[in-house]
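Participant: Next input, structure requested:
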Amino acid sequence: MIISTGTASGKSLAYLTPAVAASLDGGTVLYLTPTKALAADQLRSLRELRITQLRAACFDGDTPFEERTWVRQHANYVLTNPDMLHRSILPRHAQWSSFFRRLRLVVVDECHGYRGVFGSHVAQILRRLRRACARYHSTPTFMLASATASEPGLFGRRLTGLEMDEVTVDASPKGATTIALWEPPLTELRGEGGAPVRRTATAEAADLLADLVLADVRTLAFVRSRRGAETVALSARAKLADVAFSLPYTPPPTSSTPTALPPTRNTEAGAPKADSSLLPNHPSPAPVEGHPHEPHTSPHNPPPSPQENQPTQHPALPSPHQNQPTQHPALPSPHQNQPTQHPDSPSPHDNQPTQHLSKAPVGADHSSPSSEHAAPASEQTRATHAAASSEQARKHAPAAHTRGSREPVPPAALSGESPSSLESASPLESRSSLESGSSLESASPVESPSSLTWAIPESAEADLAELPNKIAAYRAGYLAEDRRLLEKALRAGTIMGLATTNALELGVDVSGLDAVLIAGWPGTRASLWQQAGRAGRDGRDALAVLIARDDPLDTYLVHHPEALFGRPVEAIVLDPDNPYVLGPHLCAAAAEIPLSEDDLPIFGPTTAKVLDDLVADGMLRRRPAGWFWTRRERATDLADIRGGGGAPIQVVESSTGRLLGSVDEPSAHTTVHTGAIYLHQGETFLVELLDLDAGVALVSSANPDYTTFARDITDISILSTERSQPLGPGTLHFGEVEVTRQVVSYLKRRLQSGEMLGDEPLELPPRTLRTRAVWWTLPASAVAPLAEADIDLGGAAHAAEHAAIGLLPLFATCDRWDIGGVSTELHADTGLLTVFVYDGHEGGAGFAERGYARATDWLTATREAIMSCECERGCPSCIQSPKCGNGNEPLHKRGAIRLLNTLLSPQ
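Facilitator: All right, here's what the predicted structure looks like:
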């Protein structure tokens, strides 16, 4: 069975009830989750039930070895993750024989996270689990829980190999969530080719996070990369430090009335706190004490990223008992016509100066499916904001698009700003659209801005110097006890703002949140609603702000909100039959229990052919009784289920020998190459040496005024064509390709301005990838009119390829770093103008195949994204990529539109 409903709809209760019942009846339960953080959170919930017969325990990389024997022998409710199931439980199934014999229920929680190559690996792990259960004569029920997904039953069958009933009706009560689509303003800076530079999403997120924390609004900021999460937290803390420095603290009088502060316009501070008397109060939840020996977990981030469980230095955390939470104002109801700028409305302050910050990289480009890292934001802060009259607010505010109300609203509450701030900080240069959750009722009007009196509420009796300690970062790589401390501090209210990767996207109960900031499109609609659903639990209203990056897809979405609202979420893509995934798991299965002919249907229709290849390669030995693993190595080491293959690179501080963390081998070429800037827990390091043979990157502490971006070149050849179909005057193809990539240099860019400081050469070995791709070709007769119109065909194809990469995640459940691309005016294998988009994983991940199936919709959206961008010659919001191996040359925006028009024209 699969339950596919929205956040906070009661899925946990749906599987918890039969799971506890099975445990009380003498059975056992296995609970699987993508992240260790969620397992630890579920364990806390189980212990709060105080059922003595329920012996629940985590079994993961953070579980002390002395506890693992007790878990195997006595626990009847085991919480783990696919990694431990793959590497520890299944290879040692004999030690778990008592547990497997009584196994009644397997809970696969947050299963929408199992997509792409990672999902394909998990699908094979679950098939190996079914074999182990059959060995001990148990047939457990598989119960899957997922965020809303398209065709959940079909996905469940592909994931488990079992027939699947689906539950999709969600009748749970919910508060309303207001969704704001926020586009940062263009700055006066110019990037490559003279393109305008937009303020970074991380800089906007840091500003909004600081403003919301100042207003005592408990906020979670989701950032795409670990480096970005550190940057947002560091920048927001700096802004709060400026506020603490600039606002004099007056001890409150003996009465409980907050002491009002006069309006201020300090240009170095964030927004002062709102008068708590204007907002509904609700008590903060009390801190929840965990078991002193609770096994701990660690979150998972999508590739490419460092490995999970490396010890790191403790982050600077306030004591969870330092500032005990008091009553704090909740976020104003999202119904209350939150302010925004209509995408098509000119800002009344278009000519006002804006803060100039570095441009954020935007992910994979035509030559690299590698991860994106947000550039650190400037230490400068935005202006604080004084109260203004309601007449001024109405004068400056455009009409907000809010379901249930069509009246103009004052631009006051969205980011904790009062309307008069528009004159100095011009936040409404950010184009925004406002949409409400489907449950929104008719909105009530906001209070008159003239009644707003900024004050420090009574809860601020602690020194203002403690303000920065209310914000922290959360990501994989921290020690387990530090992650648990952060989670408890957020629940308790000691920490009011947390910048995190998607580690907290899944069902960790961080109740009490009022707002969520999402810095950059999270990859899928499912992830968007999952992240937005972190706020507003317990039936309260909430605010979620999607902050657009300088990226074609983000730009498309803020200009086309209809692509988000009222649309079904994506189907989850995975390919368990990928031979590069299936082969290692067949070896692991043979090492656990020799494979027999009866086992072949469990692993899928391609199993027989893959087994023959494994025998020919000497990986398995065929005997009359079946297939056997005969090597001394651990078969499970063949499958790196989260990484891209290869041993991880250890990041070591050269002066002390301190291990900072690790980076998976494929992304090491782009993130810890010699000369790279590496950010760790808010501390900046310079990579002195990358030694791939030794698997070490030596770094030293540094404070440079620039950041770095790796560049690479790519060559692609067609190995086979599996499918083809006409597309306009051209032809669309899908098949197997071989991609050769080599990092050749890295760029230096100044932090504050984004100015290019140089291009430094690198000597790194090339990497070869056999994968699958979708590509389209146009004959010479179709492109001749474009050449006659003096259009650079190579630049047009290059621009169309960049934009197509940016838009594919809207149609396939992938992130931009999961894919790459190549374009050429004349390809050696086709002899025609050809544009490729390929999966950035060995053997393919299903993303290019989804692009082939949705080619017309995908390429139409690509054309619209380019056409709707306001730039003249191309910019990162439409056709540029900061990781382009050719330095974004040549690019031809007008030619890309003409080329796509030609391709999409009916024949």
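
Participant: Now for this structure, the helix or strand with the poorest mean pLDDT.
Facilitator: Ranked by mean pLDDT, DSSP states H and E, the weakest helix or strand in the chain is helix 422-425, scoring a mean of 29.

Participant: Can I get stretch 621-637 in CSV, CA atoms only?
Facilitator: Taking Å, rounded to 0.1, in the frame of the first residue of the first chain, the C-alpha atoms of stretch 621-637 are listed here in CSV:
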residue,chain,number,x,y,z
ARG,A,621,30.4,-18.0,-11.0
ARG,A,622,27.6,-20.1,-12.5
ARG,A,623,26.9,-23.5,-11.0
PRO,A,624,24.0,-26.0,-11.4
ALA,A,625,22.5,-24.7,-8.2
GLY,A,626,22.7,-21.0,-9.3
TRP,A,627,25.0,-18.1,-9.3
PHE,A,628,27.7,-17.6,-6.5
TRP,A,629,29.9,-14.7,-5.4
THR,A,630,33.4,-16.1,-5.1
ARG,A,631,35.6,-13.0,-4.4
ARG,A,632,37.1,-12.0,-1.1
GLU,A,633,35.9,-8.4,-1.4
ARG,A,634,32.6,-7.2,0.0
ALA,A,635,30.1,-7.3,-2.8
THR,A,636,28.2,-4.4,-1.3
ASP,A,637,31.1,-2.1,-2.0
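
Participant: 51 is where my numbering starts, stick with that
Facilitator: Okay, residue one is now 51; in that scheme the one you just asked about reads as stretch 671-687.

Participant: got the contact list for it?
Facilitator: Residues outside stretch 671-687 that contact it (CB atoms under 8 Å, 6 or more residues apart in numbering) are 136-137, 140-141, 634, 636-638, 640-641, 644-647, 649, 661, 664-665, 669-670. Using the backbone N, CA and C atoms, a C-beta is placed for each residue, glycine as well.

Participant: Among those, which are located in strands?
Facilitator: residue 670 (DSSP state E).

Participant: For the stretch 51-200 of the chain, which residues score under the pLDDT cut-off?
Facilitator: Low-confidence segments of the stretch 51-200 of the chain (pLDDT under 70): none present.

Participant: what do you get if the cut-off is 80, keeping everything else the same?
Facilitator: Residues of the stretch 51-200 of the chain that meet the criterion pLDDT under 80 lie in 56-58, 87, 197-200.

Participant: Kindly report the same for the stretch 401-550 of the chain.
Facilitator: Scanning the stretch 401-550 of the chain for pLDDT under 80 picks out 401-517, 525-534, 537, 541.

Participant: now with 90?
Facilitator: Across the stretch 401-550 of the chain, the ranges flagged by pLDDT under 90 are 401-520, 522-546, 548, 550.

Participant: Which of the contacts of stretch 671-687 are buried, as a ChimeraX select command?
Facilitator: Burial among those is assessed by 16 or more other CB atoms under 10 Å; the matching ChimeraX selection reads:
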select :136,137,140,141,634,636,637,638,640,641,644,645,649,661,664,669,670
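
Participant: isn't residue 704 right up against residue 735?
Facilitator: No - contact criterion CB atoms under 8 Å: residue 704 and residue 735 do not qualify, at 9.5 Å.

Participant: Identify the contacts common to those two.
Facilitator: In contact with both residue 704 and residue 735: 749-750, using CB under 8 Å, 6+ apart.

Participant: The two: which has the busier surroundings?
Facilitator: residue 735 (23 against 16; other CB atoms under 10 Å).

Participant: mean confidence for the strand or helix carrying that one?
Facilitator: Per DSSP states H and E, residue 735 falls inside strand 733-741. Averaging pLDDT along strand 733-741 gives 92.

Participant: what's across from residue 750 in the sheet?
Facilitator: Beta-bridge pairing for residue 750 (DSSP bridges): residue 736.

Participant: Let me know how buried it is, in neighbour terms.
Facilitator: By other CB under 10 Å, 12 other residues sit near residue 750.

Participant: so residue 167 makes contact with residue 623?
Facilitator: No - counting by CB under 8 Å, residue 167 stays clear of residue 623, with 10.2 Å between them.

Participant: what's downstream of the host helix or strand of residue 79, the next helix or strand?
Facilitator: In this structure, residue 79 sits in strand 78-82 according to DSSP H and E. Heading C-terminal from strand 78-82, the first helix or strand you meet, by DSSP H and E, is helix 86-98.

Participant: In that following helix, which of the residues would be classed as buried?
Facilitator: Neighbour-count burial for helix 86-98, with 16+ other CB under 10 Å as criterion, is recorded at 86-94, 96-97.

Participant: Same check on stretch 938-947?
Facilitator: Quick answer for stretch 938-947 (16+ other CB under 10 Å): 938, 940-947.

Participant: Just the residues you listed: which are in helices?
Facilitator: 943-947 (DSSP state H).

Participant: quick check, nearest of these to residue 176?
Facilitator: residue 946 (43.1 Å; CB to CB).

Participant: my guess is that closest one meets residue 929, correct?
Facilitator: Yes - contact criterion CB under 8 Å: residue 946 and residue 929 qualify, at 6.2 Å.

Participant: Residues that sit against both of these two, list them.
Facilitator: With CB under 8 Å, 6+ apart, residue 946 and residue 929 have common neighbours 849-850, 853, 916.

Participant: could those residues go into JSON lines alongside secondary structure, pLDDT and distance to residue 109?
Facilitator: What follows is those, written out as JSON lines (DSSP: H, G, I helix; E, B strand; the rest coil; pLDDT from 0 to 100; distance: CB to CB, whole Å):
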{"residue": "849", "secondary structure": "helix", "pLDDT": "93", "distance to residue 109": "51"}
{"residue": "850", "secondary structure": "helix", "pLDDT": "94", "distance to residue 109": "49"}
{"residue": "853", "secondary structure": "helix", "pLDDT": "92", "distance to residue 109": "46"}
{"residue": "916", "secondary structure": "helix", "pLDDT": "92", "distance to residue 109": "50"}
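
Participant: Write a ChimeraX command that selects only the buried members of those.
Facilitator: Command for ChimeraX, covering only those of the shared contacts of residue 946 and residue 929 found buried under the criterion 16+ other CB under 10 Å:
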select :849,850,853,916
